[in-house]
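*Asks:* Got a predicted structure plus its sequence, pasted below:
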Amino acid sequence: MNLMIIKRMFVSGGKSFIRGGAVSAATLLIMTVTLAIISSLVFLSALLSYTLNIIENKVDVSVYFVTTASEQQIFAVKDQLEKLPQVTSVTYTSAADALTAFRARHANDQLTLQALDQLGGNPLDASLEVRATDPSEYQSIVNFLEASPALSSGGASIIDRINYAQNKEVINRLSLAIQATREIGFAIIFLFALASILIAFATIRLAIYTTKDEIAVMRLVGASNAYIQGPFIVAGVITGALAAALVLILLWPATWYAGMKTAGWFGGFDLASYYLSHFILFFLILMLSGIALGSIASVLAIRKYLKV
Amino acid sequence: MIYFDKVTKRYGDTAALEEVTLSVAPKEFVSIVGHSGAGKTTLLKLLLAEERPSEGAVFFESIDVNDLPSSALHHYRRRIGMVFQDFRLIPNKTAYENIAFAMEAAGRSDDEIASDVPYILELVNLADKAPLFPDQLSGGEKQRIAIGRAIINQPDIIVADEPTGNLDPINTYEVVEILKKINELGTTVIITTHNKGVVDAIGKRVVTIDRGKLVRDDAEGRYVL
């Protein structure tokens, strides 16, 4: 296929799109709605991940040390924990810091503070708060701690307690809930994307159906199948690219407005900031989806009218 | 040039054509007449390879049309200019573009298109209608554009299926005159028609088909049904 034919296909496809009038406008509208749905699914997926990450980050395991354990011993344990691949962070809280935090937390509870004063000294233990990459990893971290030789001092364990056992049931349920939410969420997103793609396909098929007589004439005047298909594919690509551009433009005010109204609900997830920081991703997803949808739907729709 | 060899075409149990044998020599003007449903259009569809015969063979020069692969059909069809009763212009192309499309499809250069299309528009007396779309043209003008599209690639043969069926007497006369002129310039013309006046005006060979069978073949242009 030479350049002259390719140029003619582009010119003819462009003219068909412009002269298509209501049919072109309807196809463009449906394609725009489809791509808008796809982009809102990208937002939904990001929001889902963000929310689940926040919930995951709220889960941790605290390791409390006996009052006789030295800071040096505790830091040795901390170093070992930080070397584990399943550990994301380990935070040390000294007994004094724990007491200060306890007093601050119960500043309005005079009875508790008086009881604390009557005990004399600091009854609270130093602790390490351990966060794992995934809630399902906590069991292995606890197993590691129980088997670690660094935890014993003169034959006695320096660990007073680990709050994993009491939290285990909640952590396991939360892990399952997060996993299920993720899987169901993405399945729903996939279904919505599929449904909107099918609607766009059907619209393009319908638009090409209206030109089936025209295609028959083209065949009878001796146009090759490739020459007939070319302008329809070009028109499909133009529709997809224009729809993607429209959605990219409309997303800015839409995310700004929606972000302003919903920032409080989404735990700090700002739609507008997310859109701006991921603009290239949105551009690529929408442009490629639009162009692929427009061209593939055109090829599939026109194929049946090219049979002799 | 064209030879139908005992051609039968069936649609299910119904025979649209039965054992039709017909030959058309180069530069001939043949009118095919018959009632609606007689098989005239089927005959043309077989020639254009839009349909395949159930039995028999259709030859165009030495080519057996049945044997043409799908990939070669467009080359074959470029040798035939087609005119339809309902014009079949491409609605979103102008008169100029409709004629140019046939040249573009044949791979002709932009320079050739720029020189030939205005010439053809002059020939069919529609130079001033070049930028208009089909729905801005009258029936007669549409048919003349369709004839322009059919002849632009200088085909070996013009096939016209009821070309005057949707036209008033004045436009019918103009279209017949154009077809006669094309034939005088050396192009074979085959038309199907119901119109006795058209057949008489042409005054050339008439083939009569009745219920799928070739019943008359008169060299002197007589319309008998």
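*Replies:* Thanks, I have it.

*Asks:* Quick check: buried residues in the host helix or strand of A:Glu56?
*Replies:* Applying DSSP states H and E as the criterion places A:Glu56 in helix A:22-58. For helix A:22-58, burial by neighbour count (16 or more other Cβ atoms under 10 Å in any protein chain shown) applies to A:23-24, A:27-28, A:30-43, A:46-48, A:51-52, A:56. Where you see a C-beta, it was placed from the backbone N, CA and C, and this is true even at glycine.

*Asks:* Next one: stretch A:284-302, is it in contact with chain B?
*Replies:* No: against chain B, stretch A:284-302 shows no contacts by Cβ under 8 Å from any Cβ of the partner chain, the least distance being 14.8 Å.

*Asks:* for the spatially most central residue of chain A, what are its contacts?
*Replies:* Nearest to the mean C-alpha position of chain A, by Cα atoms, centre = their mean, lies A:Ala46 at 2.9 Å. For A:Ala46, the contact set (Cβ atoms under 8 Å, 6 or more residues apart in numbering or on different chains) comprises A:269, A:274, A:278.

*Asks:* cool, A:Phe282 as well?
*Replies:* A:39, A:42, A:248, A:251, A:275.

*Asks:* Now the two most distant members of those residues.
*Replies:* Largest separation among these by Cβ to Cβ: A:Val42 and A:Leu248, giving 12.2 Å.

*Asks:* Could I get the contacts of A:Phe282 in TSV, plus columns for distance to chain B and pLDDT?
*Replies:* TSV is the format used below for the contacts of A:Phe282 (distance: Cβ to the nearest Cβ, whole Å; pLDDT from 0 to 100):
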residue	distance to chain B	pLDDT
A:Ser39	32	89
A:Val42	36	86
A:Leu248	29	96
A:Leu251	32	94
A:Tyr275	38	92
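
*Asks:* for those, which one is nearest B:Asn195?
*Replies:* Minimum distance to B:Asn195 across the contacts of A:Phe282 is 59.3 Å, recorded for A:Leu248 (Cβ to Cβ).

*Asks:* So which elements touch the helix or strand containing that closest one?
*Replies:* Per DSSP H and E, A:Leu248 falls inside helix A:225-262. Judged by 3 or more Cβ pairs under 8 Å, 6 or more residues apart in numbering or on different chains; DSSP states H and E, the packing partners of helix A:225-262 are helix A:3-19, helix A:22-58, helix A:164-209, helix A:212-220, helix A:271-277, helix A:279-303.

*Asks:* which stretch in these has the least confidence?
*Replies:* Lowest mean pLDDT within these: helix A:164-209, a mean of 80.

*Asks:* Now do that helix and helix A:212-220, the angle between them.
*Replies:* 70 degrees (axes from the mean of the first three to the mean of the last three Cα atoms, to 10 degrees).

*Asks:* Quick one: neighbours of residue 214, just the number.
*Replies:* Chain wasn't specified; assuming chain A. 19 (other Cβ atoms under 10 Å in any protein chain shown).

*Asks:* Switch to chain B, please.
*Replies:* Residues contacting B:Leu214 under the criterion other Cβ under 10 Å number 21.

*Asks:* where's it relative to B:Leu47, distance?
*Replies:* B:Leu214 sits 14 Å away from B:Leu47, going by Cβ to Cβ, to the nearest Å.

*Asks:* before we move on, what about A:Asp117?
*Replies:* To B:Leu47, A:Asp117 is 111 Å away according to Cβ to Cβ.

*Asks:* tell me which parts of chain B are close to chain A?
*Replies:* Contact residues (Cβ under 8 Å from any Cβ) of chain B with chain A: B:48-50, B:70, B:73-75, B:77-78, B:82, B:88-93, B:101-102, B:104-107, B:109-110, B:149, B:153.

*Asks:* What subset of those is buried?
*Replies:* B:48-50, B:73-74, B:77-78, B:82, B:88-90, B:92-93, B:101-102, B:104-106, B:149, B:153.

*Asks:* can you tell which of the helices and strands packed on helix A:225-262 is closest to B:Asp5?
*Replies:* Using Cβ to Cβ, the helices and strands packed on helix A:225-262 put helix A:212-220 closest to B:Asp5, at 23.5 Å.

*Asks:* pretty sure A:Val66 is touching A:Ile158, no?
*Replies:* Yes: here A:Val66 reaches A:Ile158: they are 5.6 Å apart, a contact under Cβ atoms under 8 Å.

*Asks:* Many thanks, have a good one.
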